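A.B. asks: Quick one: sequence and predicted model below, then my questions.
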Amino acid sequence: MKRVNIYTPFRAEIKEIEKKTADVNLYRIALPKRIKYSPGQFFMVSVWGAGEVPISITSHSAFSDGLELCVRKAGFVTSLIYNAEEGTDIWLRGPYGNGFPLDIAGNSDIVLIAGGIGMAPLRPLIYEFTNRNKKYGNVKLVYGSKYPDDVIFRDEIEVYKQMGAKVIVSVDRKNGEWDGNVGFVTDFLGSIKADMVSAVAYVCGPEIMIKNVTRDLSLMGMPHEKIITTLEAHMKCGVGKCGHCYAGCKYICTDGPVFSYKEIREYQLMQAWEDNK
Amino acid sequence: MSDTFILDRNHLPYWLRQLRKERKLIGPMRKKSGDIVYEEVSNIHEIELNCPAILPPVKEFFFPATEAMLRFKKGNVNDNIMGTPAVIFGLRSCDVSALNLVDRFFGGDIKDRYYTKKRENTLLVSVGCNMPDPTCFCMSMGTGPFLHKGYDIQLTDLGDRYFVEARSGRAKNIMNKFRHLFGKPSKADYEDQYEAVHLSQTYFEKRINLEGARNAIVSGAVHDDFWRSVTARCFECGGCVYECPLCTCFNVIDRKYDGTVERARVWDTCMFKGFTRMTGGVLPNRDRIRRTKRWYYHKIVYGPEQIGTFGCVGCGRCTITCPGVIDMATVGMKLSKGVDNS
């Protein structure tokens, strides 16, 4: 039996860095060997001397040669990744996590709701669901950001539309040039022309946004097991050993990070949500 | 089934000396300060067997408080997986039970080789407790004072001799090498051992019904007011977690020296505020009550759901450590006796 150390990262190379917004970069990474990953999974990205951070996968393995990661400059390690240059090494472990359930989508309508950098893990789903070889239902995307400058995949929205997705883009507050929608994503849930009772929703964004969106979708008649979201937590290992992401008898890293609203309520994964009841 | 032997008390040091020739011998030793700790044995006759639950628990030999995991130098990564052959002598039934549970956690589908390698190379020679401490409640948890399974070698002190049971395959192999030291137990030896086991059970001062505690929590009888009163006594010292033989949370840190980056893991504690802090300052467990609840829920409620057993072996180390008297025994007892929410 091959003995593998689960904590040893492997070396990969940053092929290309695409600046998306003031603090978000998209990294195209060449992997040393072909690694199969699915939407919703994540990699542990290492910077030697600084640490490791979990970063969700932004690319779809069927549509991309290597790996694409979307990193926002937010903390100690991500700032160092942000300052990295093309052609340098990056160390990875993964892919980890369960990924989004795809078979529950069936041929019903698919609603994707993204907030800010929450668009990154949902991006491979757009590629997955608009792929005509597979018989999925209509894809509706609601994509909210704070300011017009923060719309990370602004340049790709036309591409999503061409692929057949209906897209609603909004910003919380407008500054400068913006003639699109203004308001929180929850304000536009009513504009989605989909049969909410049979549809499947995939939600990703800041915690407060997930909380409000899942509540609203539930009120619109969507069954709780069909509201899918991905949680984030402080993680050190990514393999269910370090204990930091443990919440309500589940490890976010190995049992998640993708959970349905039903699971979140059943296992009380977001205890902070219980406070406002 | 176990192989059973009789070992004369005078032959024990000789046997340990023979074991030490092939393996590192670790046992309870008295320090100059008076504390008894597990450490490498220098003088075999100085091993202390009449001692309470030893702090820190024996987990530190398999999961050290600070452990270098990876070394990165000039683009190469080396992993620092160690597994020096060792024998730990003098640990207690609760320690062995705890290690068996931690084995399931670090083993399983995703193996933590840092732990499992050390564990594979270590022989455990446990001594059953003839005289449990006032803080012990292993009998309530079914993890002591003597074990029926799951041990390597178990000794029962019968005064002038030891009743020796070898259970695991590697233990039986080792016993075969030293057959000349061990006798065949007579009927009287079995009777004495039986008596020692049962006499020990009468000394327990604590009987903790964690099943009752679990039922109280699951049935919704325990309100946050109870946890608020528990939390009010918490000093957030993390002692319960550090001294718990089952707690295995760790933090990972990178250190730099001489052009080498060392990635090490250190024990971490869910009682600390920053334990769940995320980038950008999001702090899911900002509330102290939630942190206290998290520890008790993990051990009392989620343990049985996840692994089929409580996350507690009744060793009483948190009782010894906790300055606020909100250890597992105290809280478990309160919970099982019915919480007054008024």
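C.D. replies: Cool, the structure landed. Keep in mind that this is a model prediction, so the values were computed, not measured. Residues are numbered from 1 along each chain as shown, chains lettered A, B, ... in the order given.

A.B. asks: ok, B:T202 to B:D192 distance?
C.D. replies: According to CB to CB, to the nearest Å, B:T202 stands 16 Å off from B:D192. All C-beta atoms are positioned from the backbone trio N, CA, C, and that covers glycine.

A.B. asks: With neighbour numbers in mind, choose between those two.
C.D. replies: More neighbours surround B:D192 than the other of B:T202 and B:D192, with 18 against 8 (other CB atoms under 10 Å in any protein chain shown).

A.B. asks: hang on, isn't the more buried one packed against B:D157?
C.D. replies: No. At 10.1 Å, B:D192 and B:D157 do not qualify as touching, with contact defined as CB atoms under 8 Å.

A.B. asks: can you give me the helices for chain A?
C.D. replies: Residue ranges of the helices in chain A, as given by DSSP state H, are A:76-82, A:119-129, A:157-162, A:207-219, A:261-267, A:271-274.

A.B. asks: quick one, domains of the chain?
C.D. replies: In the absence of a named chain, chain A is used. Structural domains assigned to chain A are A:10-96, A:103-227, following automatic domain parsing.

A.B. asks: My question was about chain B, not that one.
C.D. replies: When chain B is parsed into structural domains using automatic domain parsing, the resulting residue ranges are B:3-202, B:210-336.

A.B. asks: For these, give me CSV that also has distance to chain A and mean pLDDT.
C.D. replies: CSV is the format used below for these (distance: least, CB to the nearest CB, whole Å; pLDDT from 0 to 100):
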stretch, distance to chain A, mean pLDDT
domain B:3-202, 5, 91
domain B:210-336, 3, 89
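
A.B. asks: CSV for those, including distance to A:S46?
C.D. replies: Converted to CSV, these look like this (distance: least, CB to CB, whole Å):
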stretch, distance to A:S46
domain B:3-202, 9
domain B:210-336, 8
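
A.B. asks: if we can go back for a sec, which of the domains of chain A sits closest to chain B?
C.D. replies: Closest of the domains of chain A to chain B is domain A:10-96, at 3.7 Å (criterion: CB to the nearest CB).

A.B. asks: Work out the gap between that closest one and the centre of the chain.
C.D. replies: Centre-to-centre, domain A:10-96 and its host chain are 14 Å apart (CA atoms, centre = their mean, to the nearest Å).

A.B. asks: who touches stretch B:67-79?
C.D. replies: Residues lying outside stretch B:67-79 but in contact with it, judged by CB atoms under 8 Å, 6 or more residues apart in numbering or on different chains, are A:5, A:7-9, A:11, A:48, A:89, A:91, B:80, B:113-114, B:252, B:259-266.

A.B. asks: buried stuff in it?
C.D. replies: For stretch B:67-79, burial by neighbour count (16 or more other CB atoms under 10 Å in any protein chain shown) applies to B:67-72, B:77.

A.B. asks: Of these, which belong to strands?
C.D. replies: When DSSP state E is applied, the buried residues of stretch B:67-79 are split such that B:67-72, B:77 fall in strands.

A.B. asks: Show the contacting residues for residue 15.
C.D. replies: You didn't say which chain, so I picked chain A. Taking CB under 8 Å, 6+ apart, we find A:K15 in contact with A:28-30, A:66, A:86-87.

A.B. asks: switch to chain B, that's the one I care about
C.D. replies: The neighbourhood of B:W15, defined by CB under 8 Å, 6+ apart, consists of B:7, B:178, B:181.

A.B. asks: For PyMOL, what selects the buried ones among those?
C.D. replies: This is how PyMOL selects the buried members of the contacts of B:W15, with burial counted by 16+ other CB under 10 Å:
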select buried, chain B and resi 7+181
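
A.B. asks: So which of the contacts of B:W15 are in strands?
C.D. replies: B:L7.

A.B. asks: Using TSV, lay out the contacts of B:W15 together with distance to B:M278.
C.D. replies: Listed next are the contacts of B:W15 as TSV, based on distance: CB to CB, whole Å:
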residue	distance to B:M278
B:L7	55
B:F178	55
B:L181	57
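
A.B. asks: Contacts only, for B:A65.
C.D. replies: Residues in contact with B:A65 (CB under 8 Å, 6+ apart) are B:56, B:242, B:266-267.

A.B. asks: Show me the shaky parts of chain A.
C.D. replies: Within chain A, the segments meeting pLDDT under 70 span A:1-3, A:271-277.

A.B. asks: try it again with 80
C.D. replies: For chain A, residues meeting the criterion pLDDT under 80 lie at A:1-3, A:132-134, A:176, A:270-277.

A.B. asks: With adjacent residues omitted, what lies nearest to the residue nearest the centre of it?
C.D. replies: With distances taken as CA atoms, centre = their mean, chain A has A:P121 as the residue nearest its mean C-alpha position (2.2 Å). The shortest distance from A:P121 to any non-neighbouring residue, by CB to CB, 6 or more residues apart in numbering or on different chains, is to A:S56 (4.0 Å).
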